[in-house]
Each structure stands twice: as C-alpha cells, then as structure tokens.
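Enquirer: Quick one, fold the following:
(chains A, B and C)
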Amino acid sequence: MENSSDTFKTNVAHALADVELQKALQNVKRGFVVKREAAKAKLPEFDKLRDEARAVKDHTLSHLDLYLEAYERKVTESGGVVHFAETAADARAIVLELCRELGAKLVTKGKSMISEEIGLNAHLEASGIEVVETDLGEYIVQIRGETPSHIIAPVIHLNKEDIAQDFRRVHKQFATARKLNQVQDLVAEARAVLREKFLKADIGITGANLLIAETGSSVIVTNEGNGDLTSTLPRAHIVVASIEKVVPTLEDADTILRLLARSGTGQEITTYTTFVTGPRRDSDPDGPVAYHVVLLDNGRSEMLGGVFADMLRCIRCGACLNHCPVYGAIGGHAYGSVYPGPMGAVMTPALVGIDHARDLPHASSFCGRCEQVCPMEIPLPDLMRAWRERDFTRGNPPRRERLLLKAWAFAAKRPRLYHALANRLVPLLAWLARGSGSIGRLPFGKAWTRTRDFPAPEGKTFHTLYAEKERSQRR
Amino acid sequence: MTSAPEPSKQGPLVGLLVTCLVDLFRPNVAFAAIKLLEAGGARVEVPRAQTCCGQPAYNSGDRADAVSIARQVVQTFERFDYVVAPSGSCAGMVKVHYPRLLADDPDFADRAEALASKTFELTSFLVDVLGLTHVDASYRGSVTYHDSCSSLRELQVRDAPRRLLASVDGLTLVELAESEVCCGFGGTFSVKYPDISGAILDAKLRNILATGASCVLAGDLGCLMHIAGRLARERAGIEARHVAEVLAGMTEVPAIAAPRQMR
Amino acid sequence: MSARDEARASGLARIRVALGVTEDDAYRQAAVAERLERHPRGTIPARARKAPEECVALLTDMLTKQGADVSRVATKQDAVGAIASYLGSSGLPPRLRMGADPVLAALPWRDAWDIERRFGRAEPTDKASLSRALVAAAETGTLFLVSGADNPTTLNFLPEAHMVLINASDILGSYEEAWDRLRAVYGEATLPRTVNMISGPSRTADIEQTLVRGAHGPRRLHVLILG
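Expert: Residues are numbered from 1 along each chain as shown, chains lettered A, B, ... in the order given. I've put the predicted structure just below:
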C-alpha cells in the first residue's frame, strides 16, 4: 500500500483538528484498556505465559529455516501448496497468478494485515477481479476507500453516523428510508450484503495469526466468523502470511493463544479460533478443493539477523496501540503506514526505509507502556531508539536540531564550560519571565511555548547556590 | 546555617545526581533532597563535575555522545556508596540504560553495572534503602501525585512517594485517574512534537483538575515543567511542585511557574 | 528448477544467512525434530486443571458469559426434547441440518418425529444446525468441532442458530488435553481439514466497540451437555 509516513507532521495536525476522530478515539481507552486489565487479572499465570511465549518465538526464530521446511512438508503432505515470496510484488504476483489459474471473478477476504502490507486488493482489482473484504471493519474501510486505522479494530476512527452514511451511499439495493441509527442495524445490513458475496465467491483469501509446523496448519482468530466463511465456502483458499508467523507445535500455539485475545480485545479467547490444514479431504462434504499458502519475507529475514529481530515476535494483538498515548492522541491514519502505533513505529521503517518514516520512531515519549503490555515482551522503546540511532547516523535530523544537540553535548562533556554557560542562561531566562513565574513566548523555543508556558528558573543554578552556601558555612 | 541534624559519621556516603533541570530551574529540589537524605542518616556530597545524564543525546539517536557522557558520570559518581537523583528518568538512565550503553566498553562495562546497582530515585532510596517511614513536614491542603513513566515502569517506584506523603502532617493525597498514563513530556519529544505532547497533556490536565486538589506533585522536574507550564497558561489555579519540596517542608519558594513575590 | 523452487531456496537461504547457520547443522535439526515430536506443554492455567465435574461447571459458566445458551441433559431422550423445545421457543421452523455423526444418529429421534432432519453440508436456507463437539476445553468455554462427513464445517457458520451437543465426559480442562484427544483420533501431527474452536455465538465490536451478536456466523449458539 501507499505510505505517507513522510508527511507525519501534517497528518498529525489534521488528526488533532478532527473533532469526530478525537471523539472516536475515546472508545479505545474505554474499551480495550479496561478489558485487557480485567482479562489479565483473571489469569494469574499471565506473566509466566508471556515469558514462555517469548521463549517459544525466540526458539522458533533461531530455527526459522528448519521450522518453515517442516511446516511446508506438512502442508504438502495434506495436499496444499506453499509459495515463498521475497517481496510484496512477488506475493501479489503469486496470488494474482493463482486467481487466474483458478478462474476467479470474485474473491472474498478475511482480515489480513499482510494483504494490506502488500497492497493486494488494488492489485487484484486492477486485473478485473472483484475483491470483497468481509471483516465488518475492513469492509467499511474498503467502501470508504480508506486503510484500517488500527490493526485489530480497523474503524476505531469512525462513529456509527459516519458508517450509516457510507452504507446509504453504497447499498443502493435497500430502501432509502430504512433505519440505520443503531449499531445493530449496521451489522445486520452488512451481514445481508456480505452473505451473498460469501456464497458467490470463487476464492477466499485469509491471513494467518499462526502457522503450525507440527501439522502444517494455518490459524486464524476472529469473532465474526467471516474468516471461516471465507476459508470454507469458495473452491479455493489462499493464505497470505509472513514467515515469522510459524510456531513449532499445537502446544506452542496454545501458549500464544492464551495471550493474544486477552492482550488485544481483552477477551478470554476470540469466538472462533480455526485451524485449517490443507484442502478438503475426500470424504469431506464441504471445504475448498485447493489450498495455497503464500509466505512473505518482505525484509523480515534481514530483520532476523539484526537488532530488530525482537520485533519478529509480534503477534499483532494491538495492545501497544491501545495503550500508547501518542496513538490515543492522533489515531492510526496519521502514521501513514499499514502498521501504526509503537509496533508500527518499529515495523514501518523496516518496510519502507527509515528515510521515509523517520518521524515514526521519534514520535514517542518513551513512556514504556507499550513494552509493559506487550504479550511478547518486545522492547519497543529500545527498538524505536535503535531506529533513531540509524536515523542520526544517516544524518537525517534537520541541521538545526543536529547543531543544537552537538553544541549541547560539547558543553555537557565539559563541566566547567557547562556551568559557566548555565550561569549566563539562567539569569537571562529569569529576566525574560520578569517575575511572572513563567514565560509565555520563548524566543528560539516556540516549540515549547506554543502549547504551554515555560517555567522561569528560580534565579541561580543549584551549583552556584550550593557553592555560595558552602562558602558561607566555612566562614 | 541548616537546621538539619548533624548527619551521622557512619551513614552511607551519597553522591547527589542533581540533574540538569533541577540545577537550572529548581535548586530548591536539590536542597530539599539533601535535607531529606541527611534526615535519613546519609552523608551527602554534590560533585561539581556533573552536568547531565545524557538522555537528550541518547534519545535523539546520538549514541556516541551518550556514551561519552555516561562514562563521565560513571567516573564522577563511582566513589560513592550510593547515587541518588531527585528524578526517576535520570536515575533510570543510570540504572537501566548505562549498563547497556557501556556493555561493549571493556573499561566501563563492569563499572557501569556497579554504578547502576547503587543508583536510586530519591523517594525509593529514602524508603527502601534508608528505611525512612516518616518525614518531619506539614502541608495544608489536598495534593495529587503524578507518577513519571520512568519511575513507574523503569524503576517500579510507586509506593515510596505515597508512603512518605502519608506521613506529612495535614496533607491529603487524592489519587489521579489513569495515573499510569504518560503526561506527554518525554524530553525532546515535547519540543519535537509539541502538538502531540500538548494533546496528551490535555488528558492529564483533565484528570488533575478532576481530583480537586490544589497542588500536583511529581518526582520528575521534566513532567512538572510541562504540566506547570500548561497550568500557568490556563491560569488553572493549581500549583505544581516536586514531591521532595513538600516532604522536606520546603514550600516557601513559589510553586513551579507560579508568580514570584518581589523581594 | 521452477520459479517456485527458486523462490523457496533463496527464501530459506536468506534466513540462514541472517542466522549465520548452515543447512546441514545436525544439532539444530535434532533440536527441531525433538520439539516437533515431543510437543512439550507450556504452563497450563490452574483454572484448567480441575476435576471433571468442575470442568463442566466452568465450561458452562464461560460459554454463558460469552453469550451462548447452555443446558445440561441427563439422557438422550432429554437431549432430543431440549432440541425440539429450543427450536420451538426460538421461533425456528422444526428443521435441522446435521451430519452423519454416530452419536447424534443414535439419539432417539422418533421422540421428535415432527423435526425434519436434513443431512450433509449446510445450505444457505438452513435456519438451524446440529453438530457434535469432539471435545471441549473448559478453561475458556471452548468447543472443538472437527470437519468431516460427521460434522461438516458449514454447519458451524451458515445457519442462524447452531446447536452443539457434547458428552459431559468429553469436557476436559485445557487446550492441551483437547489436542491429545485429537491426536488419539487422527494420529500424531495430523489434523482434519478444519478444527474450529468455538467459544460463543458470532459477534462483532468493530463499530464504536459496541458488542453485537450475529455478525456473519450464527446469532445463537446453544450447547447441550449430555450426561
């Protein structure tokens, strides 16, 4: 998909000025945060499971080549086909080729962040294939021509009135006078519209929350059941998943599943957790006859060998977004990336390059709440800082910022000089405040004073006062 | 002359990490810290060779300068029994980040670890190391307490300031809703992204106002300058102070960003 | 070499380069083979380690909280009675879609002569279906339904009302116990085409975080615990 992370600051200004968005963002706090806390409280083993889940992923990642081979072997055994894709373009091409081979006119899709990452819909549509998102949130995003603003709650940025308007615009088959003011009305209408699509679809495309090497299964977790209708009704099922989704065994999946929903939506488990293994068997009365898995690399193997390897443990639960004060202030679209929030601030530069996403890892107060709630114990602030270091090394920060930092560091490394400068600066600031206690407009510091006053210093530095006091005591 | 009791000759020797913000803007906090440490039986020294812990460089991606500053702090402070900072974020920098920054430096790796193990945030040092349970101070009115993210999450300091505040005569503590949420300061973040920083602060301010407290306390001057600056801008009529000032009974200095009385 | 084989080889090679390993490292291969074969368990929550009767209670409680209706029936006659009265009280026509499951086939259907049973995969017009869960994990109120002629997967998702019968003796504590039961049926490292872990009726909270039941799958899930 298109990335607009390089216009982050403009995006932020729009987001903060968007009254409706700001209203909608309150739902994140009221919902996910409270529910996660309650779900965690009900599972005393939660933190122990985090340690274990982390160990599962670390073990898997350090043997990733072998687990992928094992996984592929089992998929093949069960009658499926695995395709490796190095880049987003490769993955798109493979899926399109499969759609052509299978003569697909209509494709239904379960929610998949990987398909967002590779911009799959637009690619298939350009070849005349109708693609319909079936997760309610994704469907709404699709008919609005937008992208999801949250990795597990795509329309968290919208209110029901926005959605009713879209449904009236797009669903011309229904009476214009119909009632659409309740959430239930909207859900019922989407159900009716999408049910037809499910039944007509030639191919169903889903993502995968996990891949199981032991059995060759792909796992999806949903609440709506759309993923299951997508993977069961059409004549072919294509899974698009990234390489780091594999775990060794069903037991390893259990450990992660115990954390996934609790961390994300705050549910004990999602309504549906589905393990799919290959196409339908000879005696099966339903299910697709063809099953393909497209395994996407897209820069992940490069991450594997470096400082960002920890990020590959991510299970896309969304907890870091839900608990991020920056995400809570600006929403997901401002990030300009498929992946917003703290996990997006680490993932996006890996996908599009730090030069095109330098604001994302910088726009964090490093409050550390993301790391605290991450079920996979990913040190997100440290990884954002690692991006800042690369950014700095590449000379990306604006010249003024770099000069200021270098000048400050020069002084900070020379205590005598530092104290001499401090003794000049402090009285100057005190003078600027003119006894009012704070400075309303700071010359050269407008970035501070545009949103708050600048507190005046007491008058002298501590070191000066302390030296004066020591001298007077000695006398 | 100071009214503090003569510190015990046997008490542990504490090096005070003043922090750059306290040095520049709020010396009263460091004097309050010294008073509290001495009341707890420690001997306090303030090395003059200190400037800053290096966070501005570290968090801006300037690792080389962060490393040099970290080495300088290690050299300056390693001779003390303990190092104490009236700040969760600076203490956290030394305690959590220095060992990582200097891990590959053969001359400094062990020394950074050693320094980390004896560095503390002020209130947690008073309670957890010196065993202080009570301070000799009084404060009339209700206050609320803002946990800085670094105190709360990097250092797991939550109870210590509250326990000491509970012993202040006349003081009522009203807890802040969403106390675990950031105030939006974030060091250089506050000037690189002032609008986001300000939007996060809005939510914090709403919660502060909702407590009805007449004063907001915190253990980090960064958060306090950010919060107090907005309180002053809005003329909210709520004071902002460092927790050490109240614990030491040193509230005669005007609150942060509050108008000065002309002397 | 086909394009697919080339992509596979280069994909695996990139990973090996990143990890700094070679293809033929016997030690690593043994570690992987061992884990796949032994499939060691992680921590199983205390709530899942309970006596059978407590598991039934926990499953009932969890499913109820997650929006399902649960009834306990002592006998097969009672099961059929409960099915009939559920259809009646829910305003559903007396028609059921079901598979060839022998446990379900063995129910005394003549007691419910007015219920028309249709067999095979679900059709879009089906209003109600009946499946049997092979096993359940009480820890989160989760039923395990497996695909096949006995219980076609479409039954779990297409109709508006889904009824699931489970023998009380098949209600276990944890997911891990459920997998071991599946391994006993299907063999090691083998699963049927679809295993659906179902923990309530279909729902969505995508819009304003408002919970609505019956998003795309069944609006109602009725669970009958037999025995």
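
Enquirer: For the most centrally placed residue in chain C, pull up the helix or strand it's in.
Expert: Closest to where the C-alpha atoms of chain C average out (CA atoms, centre = their mean) is C:Phe144, at 2.4 Å. Under the criterion of DSSP states H and E, C:Phe144 resides in strand C:142-146.

Enquirer: Surely A:Ala290 and A:Ala236 touch.
Expert: Yes. A:Ala290 lies in contact with A:Ala236 (CB atoms under 8 Å); the separation is 4.0 Å. Glycine gets a C-beta too; all of them are placed from N, C-alpha and C.

Enquirer: so what sits against both of the two?
Expert: Residues within reach of A:Ala290 and of A:Ala236 at once, by CB atoms under 8 Å, 6 or more residues apart in numbering or on different chains, are A:Leu102.

Enquirer: of the two, who's got more company?
Expert: A:Ala236 (22 against 19; other CB atoms under 10 Å in any protein chain shown).

Enquirer: In contact with that one, which residues?
Expert: Contacts of A:Ala236 (CB under 8 Å, 6+ apart): A:Leu98, A:Leu102, A:Ala104, A:Asp202, A:Ile203, A:Gly204, A:Pro288, A:Val289, A:Ala290, A:Tyr291, A:His292.

Enquirer: Could you do A:Cys317 as well?
Expert: Counted by CB under 8 Å, 6+ apart, A:Cys317 has contacts A:Ile152, A:Leu259, A:Leu260, A:Ala261, A:Ser263, A:Gly264, A:Pro375.

Enquirer: Give the helix, strand or coil label for the spatially closest residue to B:Phe31 that is not a sequence neighbour.
Expert: Counting by CB to CB, 6 or more residues apart in numbering or on different chains, B:Phe31 lies nearest to B:Met250, which is 6.7 Å off, once chain neighbours are set aside. At B:Met250, secondary structure determined by DSSP: H, G, I helix; E, B strand; the rest coil is coil.

Enquirer: ok, B:Met250 - how many residues close by?
Expert: There are 19 residues near B:Met250, going by other CB under 10 Å.

Enquirer: same check, this time on A:Glu77
Expert: 14.

Enquirer: same check, this time on A:Ala253
Expert: 25.

Enquirer: need the contact list for it.
Expert: Per CB under 8 Å, 6+ apart, neighbours of A:Ala253: A:Leu210, A:Ile212, A:Val219, A:Val247.

Enquirer: Max pairwise distance over these: which two?
Expert: A:Val219 and A:Val247 (9.0 Å; CB to CB).

Enquirer: between these two, what contacts are shared?
Expert: Residues touching both A:Val219 and A:Val247 (CB under 8 Å, 6+ apart): A:Leu210, A:Leu211, A:Ile212, A:Ala253.

Enquirer: What is the neighbour count of the closest residue to C:Arg193 other than its chain neighbours?
Expert: In space, and not counting its chain neighbours, C:Arg193 is closest to C:Ser147: 4.7 Å by CB to CB, 6+ apart. Residues within reach of C:Ser147, counting by other CB under 10 Å, total 28.

Enquirer: And the residue of chain B closest to chain C?
Expert: Chain B approaches chain C most closely through B:Glu178 (17.6 Å), counting by CB to the nearest CB.

Enquirer: Please, which helix or strand holds C:Thr6?
Expert: Careful, residue C:6 is Glu; it's not Thr. Applying DSSP H and E, one finds C:Glu6 within helix C:3-19.

Enquirer: For that helix, which helices and strands make contact with it?
Expert: helix A:64-77, strand A:81-85, helix A:300-304 (3 or more CB pairs under 8 Å, 6 or more residues apart in numbering or on different chains; DSSP states H and E).

Enquirer: where are the low-confidence patches of chain B?
Expert: B:1-9, B:261-263 (pLDDT under 70).

Enquirer: Mind naming the longest helix for it?
Expert: Ranked by residue count, the top helix of chain B under DSSP state H comes out as helix B:194-211.

Enquirer: what about the residue in the stretch 101-250 of chain B that chain A sits nearest to, which SS state?
Expert: Across the stretch 101-250 of chain B, no residue is closer to chain A than B:Gly186, which sits at 2.6 Å (CB to the nearest CB). Following three-state DSSP, the label given to B:Gly186 is coil.

Enquirer: thinking it is in contact with A:Gly368, fair?
Expert: No. B:Gly186 lies out of contact with A:Gly368 (CB under 8 Å); the separation is 10.6 Å.

Enquirer: Show me which of these two is the more surrounded one.
Expert: For B:Gly186 versus A:Gly368, neighbours defined as other CB under 10 Å are more numerous around B:Gly186 (27 against 22).

Enquirer: Not counting residues beside it along the chain, what's closest to the more buried one?
Expert: A:Ser365 (2.6 Å).

Enquirer: can you check A:Leu383 too?
Expert: A:Val346 (4.5 Å).

Enquirer: count of residues packed around the one you found?
Expert: 28.

Enquirer: Now for it: which residues touch it?
Expert: Neighbouring residues of A:Val346 by CB under 8 Å, 6+ apart: A:Phe308, A:Met311, A:Pro361, A:Ile378, A:Leu380, A:Leu383, A:Met384, A:Trp387.

Enquirer: which of the residues you listed has the most neighbours?
Expert: Result: A:Leu380 is most packed of those (other CB under 10 Å), 28 neighbours.

Enquirer: quick one, phi/psi of that residue?
Expert: phi -60, psi -50 (degrees, to the nearest 10).

Enquirer: roughly how far apart are it and A:Pro349?
Expert: 13 Å (CB to CB, to the nearest Å).

Enquirer: go on, B:Arg260?
Expert: Distance from B:Arg260 to A:Pro349, by CB to CB: 46 Å.

Enquirer: neighbour count winner among the two?
Expert: Higher neighbour count among B:Arg260 and A:Pro349: A:Pro349, with 26 against 16, using other CB under 10 Å.

Enquirer: residues contacting the more buried one?
Expert: Going by CB under 8 Å, 6+ apart, A:Pro349 touches A:His356, A:Ala357, A:Arg358, A:Leu360, A:Pro361, A:Trp387, A:Arg390.

Enquirer: Which single residue in chain C comes nearest to chain B?
Expert: C:Gln209 (17.6 Å).

Enquirer: What does the pLDDT read for that residue?
Expert: Looking at C:Gln209, its pLDDT stands at 88.
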